[in-house]
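Peer 1: dropping the sequence and predicted coords here.
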Amino acid sequence: MFWAKGAEQTGTLFERWNTYSRVRVRELAGKVPFGWGMVRTPEARVDQHYLDIDADAGTIITRYDGDIGKLAYLKDDVINAAYLVQPAADVAVVGVGGGRDILSGLLFGASRIRGIEINPAIFEVLTEKFADFSGHLDRQPGVSLVNAEARSYINHSPERYDLVQISLIDTWAATAAGGLTLTENRLYTVEAWDDFYRALKPGGLLSVSRWYDAEKHRGELYRLIAIAASALQRKGVSAGELRHHVVAVNVGGIVTVITRPDAFNDAEWQGARERLQAQGFKILLGPDVTFDTVTSTLLSDKADQAFFDSLPENIAASTDDNPFFFYTSRFSDFVSTHGWEIMSNNAAIGITGLLIIVALCACGYYIVLPFLRLARRMPMATLTPPVAYFSAIGMGFMLIEISQMQRLMVFLGHPVYGLSVVLFTILLFSGIGSATVGADTSSRSRVTAFRIAALFTTLVVAGLLTPLITTWARSLSTDMRILVSVLLLAPPAFCMGMMFPLGLGVWRRHHELLPFFWSTNGITSMLASVLGMALSIQFGIAKTYALGVCSYAVCAIVIVASRRVQSIDMSAAKAAVSPGACIAEKDGGGHISEGKSEYRVFGEARRQWRERRS
């Protein structure tokens with residue numbers, strides 16, 4: 001017995017840890033079939049196991065002996081409403097879990113079912129460890145299971161479907177533990193639905209089920225409608241016709257939004273409406289059914305930015321540039337009383353806000369206070385430029401890294417790939433770039449200018465090309481997408497790596513301050529790693545990347561201005577030194593050390609000239 005996420009963990013039948021999650025299977029107490037949105041309590045009794053992911057998200061493994069009639073209760077679950085809208089022969093189930101949606105497809109007579117599951121531990125549970133218990137679903141006629149990421153698989157597969165079903169796919173790992181875990185978010189974007197629509201046969205349906213609370217939490221319903229409206233308009237549907245393409249049904253705490261690129265005609269909709277009502281499902285939206293003013297506006301041409309800004313929650317359609325579907329709170333809500341009322345699945349907003357506060361406190365203690373102490377004994381004009389430079393490097397490097405990591409996690413299909421590919425490539429090539437900078441950079445202004453120009457060229461090109469190339473290459477295999485990611489990351493990483501040693505070369509004479517410069521860079525990097533997440537959620541990944549580029553622009557301005565000041569100082573100091581002032585002296589061995597004597601005389605003259613100028 002142990003505790004995880006505040007819950008007691010007992011009765012474990014199976015447990016597996018991997019880079020994706022912790023998966024655990026336990027026996028489910030009672031024989032009443034478990035359901036998410038059941039319109040009535042089933043009379044049947046079945047054996048079930050409960051599979052939880054990261055001690056929270058759950059799915060059901062049902063004992064199946066080949067008698068599909070025993071599972072008739074699945075017709076009462078609102079997540080299967082799409083089968084009542086129209087029959088589906090070819091079905092794609094995104095997120096197989098314990099196999100419940102596979103059983104639903106068999107119950108409704110689907111002749112071909114493709115189950116797509118990203119987590120290999122869950123795939124192992126269903127096809128190996130509990131295969132006998134679940135009836136070897138992968139061996140059922142017409143059923144095939146694949147261990148893959150759904151969007152990547154669908155994009156490079158020629159298969160077409162009558163129904164693509166996505167039922168409550170989330171692990172809450174992204175919300176509770178790490179804002180960079182974008183696997184589930186990747187399914188709920190306008191671009192994702194565009195991918196799913198392309199995988200449909202003519203007249204095919206996309207069915208997405210999410211959590212719903214009529215009194216407190218409608219945010220996910222609204223956002224699903226917003227995504228549907230944007231995706232359908234991309235397919236050429238006019239704003240005035242959107243309502244003929246969207247159906248939403250509800251039972252209890254679950255809502256299922258069913259959309260299709262082809263409009264429902266009157267006969268199709270009337271038949272579907274009768275079947276849905278006969279089953280006991282509540283119809284929230286349909287071609288002739290309206291729900292409220294928010295959904296009506298979303299399915300019209302009036303849903304502009306002013307409309308979204310006027311709402312208490314952020315329900316704007318999530319995109320690959322801003323793929324944070326679950327986060328319907330705004331960061332401004334973090335300091336408002338109302339905000340805490342809608343934080344149910346927005347825990348990451350609060351956690352990120354607190355981390356930013358902690359990071360700012362660290363900046364104050366480790367940067368601001370030492371800066372103020374140093375300012376008492378040296379000119380601000382001497383201290384400010386290097387501190388600004390190394391702070392800007394820390395901010396810029398991490399904002400670029402975080403934004404590219406978020407983009408490529410969506411592109412590569414899983415945060416494991418995103419973390420490993422992005423971090424490895426950026427660290428490797430930035431290290432190589434750093435090694436190309438020599439110890440003495442004071443006399444190579446042209447080389448420095450070339451390095452800065454190369455930096456901005458690669459940053460701008462990478463920023464512009466990344467969304468274009470990732471869209472073009474989305475159907476490639478994982479290996480090829482990794483190669484594309486490396487090619488996008490390597491050039492800017494190489495150039496970013498040059499900036500730190502360039503700064504050390506410019507301000508190397510302040511050797512006693514180098515530890516402070518290093519710590520300034522590290523602390524601001526830590527701040528940027530948290531701030532980058534917040535900025536991406538609030539403004540989008542592209543704007544976060546642009547802010548990183550702006551940080552490097554600050555670096556360029558500071559280093560160019562500092563080199564110019566140093567050049568003026570050196571010229572003035574040389575003018576103050578008479579030609580005969582550089583008198584050679586002998587070192588301890590009796591050898592001439594003319595350069596050393598010249599440096600000492602020059603340094604003294606420069607110091608005197610600065611004193612006179614001040």
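Peer 2: Yep, that arrived. Residues are numbered from 1 along each chain as shown.

Peer 1: wait, is Ile283 part of a helix?
Peer 2: No - secondary structure of Ile283 (DSSP: H, G, I helix; E, B strand; the rest coil): strand, not part of a helix.

Peer 1: and the closest residue in space to Lys70 that isn't next to it in sequence, how far from Val289?
Peer 2: Distances taken as CB to CB, 6 or more residues apart in numbering put Ala44 closest to Lys70, at 6.2 Å, once the chain neighbours are dropped. No exception for glycine: its C-beta is placed from N, CA and C like everyone else's. Ala44 is 31 Å from Val289, where distance means CB to CB, to the nearest Å.

Peer 1: go on, Ile482?
Peer 2: 46 Å.

Peer 1: what's the answer for Glu128, then?
Peer 2: 45 Å.

Peer 1: quick one: which of the two has more around it?
Peer 2: Neighbours per residue (other CB atoms under 10 Å) separate Glu128 from Val289, with Val289 holding more: 14 against 10.

Peer 1: and that one, what's its pLDDT?
Peer 2: Confidence at Val289, expressed as pLDDT, is 93.

Peer 1: what of Tyr389?
Peer 2: pLDDT at Tyr389 comes out at 95.

Peer 1: domains in the chain, as residue ranges please.
Peer 2: 74-309, 347-569, 581-613 (automatic domain parsing).

Peer 1: mind putting those in a markdown table, distance to Tyr20 included?
Peer 2: Formatted as a markdown table, these follow (distance: least, CB to CB, whole Å):
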| stretch | distance to Tyr20 |
| --- | --- |
| domain 74-309 | 5 |
| domain 347-569 | 7 |
| domain 581-613 | 60 |
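
Peer 1: please identify the most buried of those domains.
Peer 2: Highest mean neighbour count of the domains of the chain: domain 74-309, a mean of 20 (counted as mean count of other CB atoms under 10 Å).

Peer 1: quick one: end-to-end length of that domain, please.
Peer 2: 40 Å (CA to CA, to the nearest Å).

Peer 1: sorry, back to before: part of a strand, is the residue nearest to Lys70?
Peer 2: No - per three-state DSSP, Ala44 lies outside any strand segment and is coil.

Peer 1: phi and psi next, for it.
Peer 2: Main-chain torsions, Ala44, degrees, to the nearest 10: phi -70, psi 160.

Peer 1: show me what secondary structure element comes after whatever helix or strand Val358 lives in.
Peer 2: Val358 is part of helix 347-363, with elements assigned from DSSP states H and E. Downstream of helix 347-363, the first helix or strand assigned by DSSP H and E is helix 369-375.

Peer 1: which strands or helices does that next one pack on?
Peer 2: helix 380-412 (3 or more CB pairs under 8 Å, 6 or more residues apart in numbering; DSSP states H and E).

Peer 1: hey, which helix or strand in this protein has the poorest pLDDT?
Peer 2: helix 173-176 (a mean of 42; mean pLDDT, DSSP states H and E).

Peer 1: what about the strands in this structure?
Peer 2: Counting by DSSP state E, the chain has strands at residues 2-4, 7-9, 12-17, 22-27, 48-53, 57-62, 90-94, 112-117, 143-147, 161-167, 200-211, 246-251, 254-259, 282-285.

Peer 1: and those: which comes nearest Pro312?
Peer 2: strand 200-211 (17.7 Å; CB to CB).

Peer 1: what angle do that closest one and strand 246-251 make?
Peer 2: For strand 200-211 and strand 246-251, the angle between their directions (axes from the mean of the first three to the mean of the last three CA atoms, to 10 degrees) works out to 40 degrees.

Peer 1: contacting residues around strand 200-211?
Peer 2: 36-37, 78-79, 81-82, 85-86, 88, 90, 160-168, 188, 193, 196-197, 217, 220-221, 224, 253-262, 345 (CB atoms under 8 Å, 6 or more residues apart in numbering).

Peer 1: low-confidence ranges in the stretch 251-400 of the chain?
Peer 2: Within the stretch 251-400 of the chain, the segments meeting pLDDT under 70 span 331-348.

Peer 1: state the distance from the residue nearest to Lys70 to Asp266.
Peer 2: 37 Å.

Peer 1: quick one: pLDDT of the nearest residue to Leu514 once chain neighbours are set aside?
Peer 2: Closest residue to Leu514 apart from its sequence neighbours, by CB to CB, 6+ apart: Leu504 at 7.1 Å. Confidence at Leu504, expressed as pLDDT, is 88.

Peer 1: likewise Ala575?
Peer 2: Reported pLDDT for Ala575: 57.

Peer 1: how about Glu128?
Peer 2: 92.

Peer 1: Thr19: neighbour count?
Peer 2: 13.

Peer 1: now it. Nearest residue, chain neighbours left out?
Peer 2: Val416 (4.8 Å).

Peer 1: pLDDT averaged over stretch 137-144, what's the number?
Peer 2: Per-residue scores along stretch 137-144 average to 94.

Peer 1: neighbours of the residue lying closest to Arg330 once chain neighbours are set aside, how many?
Peer 2: Nearest non-adjacent residue to Arg330, counting by CB to CB, 6+ apart: Asn314, 5.2 Å away. Neighbourhood size, Asn314 [other CB under 10 Å]: 25.

Peer 1: next up, the contacts around Asn314.
Peer 2: So Asn314 contacts 308, 327-330 (CB under 8 Å, 6+ apart).

Peer 1: could you list which of the residues you listed belong to helices?
Peer 2: Phe308 (DSSP state H).

Peer 1: which of the contacts of Asn314 sits closest to Ser477?
Peer 2: Of the contacts of Asn314, the one sitting nearest to Ser477 (CB to CB) turns out to be Tyr327, at 31.2 Å.

Peer 1: what's the distance between the closest one and Ser318?
Peer 2: 9 Å.

Peer 1: likewise Thr436?
Peer 2: 40 Å.

Peer 1: got it, and Cys550?
Peer 2: 25 Å.

Peer 1: try Leu369
Peer 2: 41 Å.

Peer 1: now the helix holding Val358 - C-alpha only, CSV.
Peer 2: Extracted as CSV, the C-alpha positions of helix 347-363 are listed here (Å, rounded to 0.1, in the frame of the first residue of the first chain):
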residue,chain,number,x,y,z
ALA,A,347,-3.7,23.8,-12.1
ALA,A,348,-0.7,24.5,-14.3
ILE,A,349,-1.7,28.1,-14.6
GLY,A,350,-1.5,28.6,-10.8
ILE,A,351,1.6,26.5,-10.5
THR,A,352,3.4,28.4,-13.3
GLY,A,353,2.3,31.7,-11.8
LEU,A,354,3.8,30.7,-8.4
LEU,A,355,7.0,29.5,-10.1
ILE,A,356,7.4,32.9,-11.8
ILE,A,357,7.1,34.6,-8.5
VAL,A,358,9.8,32.3,-7.0
ALA,A,359,12.0,32.9,-10.0
LEU,A,360,11.6,36.7,-9.7
CYS,A,361,12.5,36.5,-6.1
ALA,A,362,15.6,34.5,-7.0
CYS,A,363,16.5,37.2,-9.6
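
Peer 1: that one - contacts with which helices or strands?
Peer 2: helix 173-176, helix 514-539.
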